[in-house]
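Student: From the sequence below, what's the structure:
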Amino acid sequence: MYFTPRLISHNSTGQLVTLRSPIFWGPDVYVVPRGQCSFRRVDLKSTGRNAILAARLRAYKEVLPHEDKVRVVKDQTGLGAGVWSYGSTPTQRDPDAIGASLPESLARQPLDNGVRLVSCFEGVEGQVWAGRSLVASRWWSSDPSARQWQTFLRAAPLESELETLTGDMPQPKPEQVPFRSDLPLFEIDAERAVILFSPKKIALAGSFVGACIFLYLGTQYVRHTATLVGAARKMEHMSEATAQILSQRRRALANMSTARRSDVLGDVGRVLNGLDSLSQTLAGQGFVLRSVQVRDGEFEARIIGDTSLNGPGFVEKLEASVALQQVNVTPENNSVLHIRAQLQSVDLNGEDAPQGTSQP
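Tutor: Numbering: from 1, shown residues only. Predicted coordinates for the structure are as follows:
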């Protein structure tokens with residue numbers, strides 16, 4: 001009952017009414033009033049599907065001019081079937097309609113075996129059931145007479161036991177039979193299948209699916225394109241930031257190198273004082289300065305001249321200056337002297353400053 005078809009029909013004034021609603025959801029099934037349906041019995045040559053198809057084709061040839069719907073219901077034994085024919089319902093006259101239809105007799109609760117008179121939307125219906133299959137049906141606009149009822153029973157294909165039972169049974173009173181609760185949720189017959197899967201509907205469904213796929217892919221393309229553009233911009237900004245950081249790093253490393261060299265050299269005046277002391281010592285002795293190198297506070301110089309000069313006296317003159325200490329003079333060949341000494345800082349008052357420090 002939670003998911004069952006919603007039964008609908010038209011009342012005597014032509015308004016669409018709901019006969020039974022599911023608790024949650026169910027497709028619409030139009031119940032065709034019994035007075036608008038024709039019923040007959042056919043014998044099946046076999047129990048297979050081809051027998052049902054043959055009975056359906058035969059029924060279409062025998063329907064009345066206004067009837068364009070056929071429903072074939074096979075018996076439980078599979079040897080016979082009931083054929084219902086009726087015209088298109090008001091909800092199905094549009095060729096694009098999807099609603100299913102069901103004769104009123106099949107929409108109500110069946111009997112296992114027996115005879116009954118059922119109150120319909122309009123009029124009454126006499127029914128004969130055998131093995132849960134409707135084997136005889138007739139509709140009257142009002143309660144039938146006793147003669148009409150007996151004529152109906154004599155025309156019905158009754159079993160011997162049922163015929164004996166109904167022979168002395170009085171005409172029953174019309175009864176209100178509820179609608180069936182075991183109707184299938186989805187049931188597609190041949191006519192409805194043609195409507196559902198028509199080329200027009202298939203083309204529309206394909207176009208809709210294609211449009212959905214196109215919109216999805218288009219949306220994904222736009223989203224990925226925007227993501228790529230955003231990523232490219234971020235990479236550009238990161239490249240600019242990285243280049244700026246690297247430039248600042250190189251500048252910082254250069255400043256650190258300069259600071260280290262300045263720290264090693266100490267006061268610039270030390271180098272100048274050392275050169276001044278060397279030039280004053282060499283003045284008037286015919287020496288020429290070839291090269292000077294200052295590293296880690298050590299002063300090295302190479303001079304060209306007469307190497308026969310008194311070495312200890314030359315060292316003594318150099319150490320007499322306040323700018324050079326621990327002087328070492330080594331002749332490299334006949335004309336080159338290699339001088340090594342430690343530079344000493346000198347403050348403005350002429351006093352020695354600690355080695356390796358600078359004066360403000």
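
Student: so what's residue 290 scoring on pLDDT?
Tutor: Residue 290 is assigned 76 on the pLDDT scale.

Student: oh sorry, the question was meant for residue 113
Tutor: Note on residue 113: pLDDT of 87.

Student: Just give me the neighbour total for it.
Tutor: 15 (other CB atoms under 10 Å). For every residue, glycine as well, the C-beta is placed using N, CA and C.

Student: And for residue 130?
Tutor: The local packing of residue 130 (other CB under 10 Å) involves 23 other residues.

Student: in this structure, which segments are predicted with low confidence?
Tutor: For the chain, the stretches flagged by pLDDT under 70 are 1-3, 89-99, 159-169, 185-198, 261-270, 284-286, 306-311, 345-360.

Student: Which stretches in it count as strands?
Tutor: 6-10, 16-20, 28-32, 37-43, 69-74, 80-86, 100-103, 114-119, 124-130, 133-140, 288-295, 298-304, 324-331, 336-343 (DSSP state E).

Student: and of those, who's closest to residue 49?
Tutor: Residue 49 lies closest, by CB to CB, to one member of the strands of the chain: strand 69-74, at 10.1 Å.

Student: What are the contacting residues of the closest one?
Tutor: 42, 44, 52, 55-56, 59-60, 63, 80-88, 92, 101-103, 106, 133-134, 189, 191 (CB atoms under 8 Å, 6 or more residues apart in numbering).

Student: now stretch 33-48
Tutor: Defining contact as CB under 8 Å, 6+ apart, one finds that stretch 33-48 is touched by 9, 51-52, 54-55, 58-59, 62-64, 67, 72, 74, 78-87, 103-105, 120-123, 125, 134-139, 141, 157.

Student: re earlier: nearest to residue 218, of the strands of the chain?
Tutor: strand 28-32 (36.0 Å).

Student: residues near residue 342, how many?
Tutor: Other residues within reach of residue 342, judged by other CB under 10 Å, total 18.

Student: which residues does it contact?
Tutor: By CB under 8 Å, 6+ apart, the contact list for residue 342 reads 297-299, 324-326, 355.

Student: Present these as TSV; the columns should include neighbour count and distance to residue 278.
Tutor: Shown next, in TSV, are the contacts of residue 342 (neighbours: other CB atoms under 10 Å; distance: CB to CB, whole Å):
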residue	neighbour count	distance to residue 278
297	15	16
298	12	14
299	24	8
324	25	7
325	15	13
326	11	14
355	13	18
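
Student: Can you tell me which of those comes closest to residue 151?
Tutor: residue 297 (140.8 Å).

Student: about what we covered before: what's the closest of the strands of the chain to residue 224?
Tutor: In terms of CB to CB, the element of those nearest to residue 224 is strand 28-32, at 43.5 Å.

Student: so the closest one versus strand 80-86, what angle?
Tutor: 90 degrees (axes from the mean of the first three to the mean of the last three CA atoms, to 10 degrees).

Student: Can you tell me how far residue 61 is from residue 83?
Tutor: For residue 61, the distance to residue 83 (CB to CB, to the nearest Å) stands at 12 Å.
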